[in-house]
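Asker: Return a 3D structure for these sequence lines:
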Amino acid sequence: MVAPRPRLPLCLALGWLVLLAGCATPGGDANPQIPATVFSAQLRPGDSLTVTLQGVPDPSVNAVQVDDRGTITLPYLGVVTTTGTTPGDLAQRIREAYVAKKIYRTVDVSVSVTERYIYVGGEVAHPGRVMWTPDLTVSKAVQSAGGFTLYAKETQVNLTRAQQAYDVNLVLARKNPAQDIPLLPGDSVQVPRSRF
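Answerer: Numbers count the residues shown, from 1 in each chain. All right, here's what the predicted structure looks like:
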């Protein structure tokens, strides 16, 4: 005859289940899910563009930057609004403006974005613009800005995207790179000062 196994008291067994369930839940161990659908090819202030005019007596390549009002300035044409346009839309708008003003009868226009930026401020060594690349994340942006200062609050870095603010824990992102949030052009990263 086999001796019966000792059984755990019910309250102890339930206690273990609660403890294990508590360990399995993320409860604050994950950075927020931030919508990336805001990113589009639409031009925005700060974008650096190359506008090429061809098929005309005086072809040119113009390096311009979209200003705070969403405009650029081109030879013979003057101010052109970029608000709500993609590079392709802007090329068509420029082509139509040159023809409508009878500056050229026909013109081939191409527009390409050469540089886009995100902004890093607060408790970093070198606050300012950081050039955006497709692999740029919050922690890489902070590193590009010279890293944290001694007083930085690394667990509550503020990311602003499309007028929405999110708190990002970069200590967690260092432990788990999947928690390091990818950035989009125009994002702003603000590192707050710790109270200690």
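Asker: Is residue 178 part of a helix or strand, or is it coil?
Answerer: Recorded secondary structure, residue 178: helix (DSSP: H, G, I helix; E, B strand; the rest coil).
Asker: Distance of it relative to residue 169?
Answerer: Separation of residue 178 from residue 169 (CB to CB, to the nearest Å): 13 Å. The C-beta positions use only the backbone N, C-alpha and C, and glycine is treated the same way.
Asker: Could you chop this protein up by domain?
Answerer: Here the chain is described, according to automatic domain parsing, as comprising the domains 48-115, 117-191.
Asker: for these, which one ends up most surrounded?
Answerer: Mean neighbour count (mean count of other CB atoms under 10 Å) peaks for domain 117-191 among the domains of the chain, with a mean of 17.
Asker: Any idea which helix or strand in this protein has the lowest mean pLDDT?
Answerer: Using mean pLDDT, DSSP states H and E, helix 10-24 stands out as the lowest-scoring helix or strand of the chain, at a mean of 40.
Asker: what bits of this protein have low per-residue confidence?
Answerer: Along the chain, the model assigns pLDDT under 70 to residues 1-28, 35-41.
Asker: repeat that with 80
Answerer: Within the chain, the stretches with pLDDT under 80 are 1-29, 33-41, 162, 196.
Asker: what ranges do the strands span in the chain?
Answerer: For the chain, the strands defined by DSSP state E occupy 48-54, 60-65, 71-74, 78-81, 108-115, 117-122, 128-131, 157-161, 164-168, 188-191.
Asker: in its sheet, what does the fifth one sit against?
Answerer: Put plainly, it is strand 108-115. Strand 108-115 sits in its sheet next to strand 48-54 (antiparallel), going by DSSP bridges.
Asker: Taking strand 60-65 as reference, get the angle to the strand it pairs with.
Answerer: Per axes from the mean of the first three to the mean of the last three CA atoms, to 10 degrees, the angle that strand 48-54 makes with strand 60-65 is 160 degrees.
Asker: Output stretch 98-110 as CSV, nothing but the C-alphas.
Answerer: Extracted in CSV, the C-alpha atoms of stretch 98-110 (Å, rounded to 0.1, in the frame of the first residue of the first chain):
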residue,chain,number,x,y,z
TYR,A,98,5.1,78.2,-62.1
VAL,A,99,2.8,77.5,-65.1
ALA,A,100,-0.1,79.6,-63.7
LYS,A,101,2.2,82.6,-63.1
LYS,A,102,3.5,82.1,-66.7
ILE,A,103,7.1,81.8,-65.4
TYR,A,104,7.5,78.6,-67.3
ARG,A,105,5.3,76.8,-69.9
THR,A,106,6.3,73.4,-68.7
VAL,A,107,8.6,72.4,-65.9
ASP,A,108,9.6,69.1,-64.2
VAL,A,109,9.6,69.4,-60.5
SER,A,110,10.8,66.9,-57.9
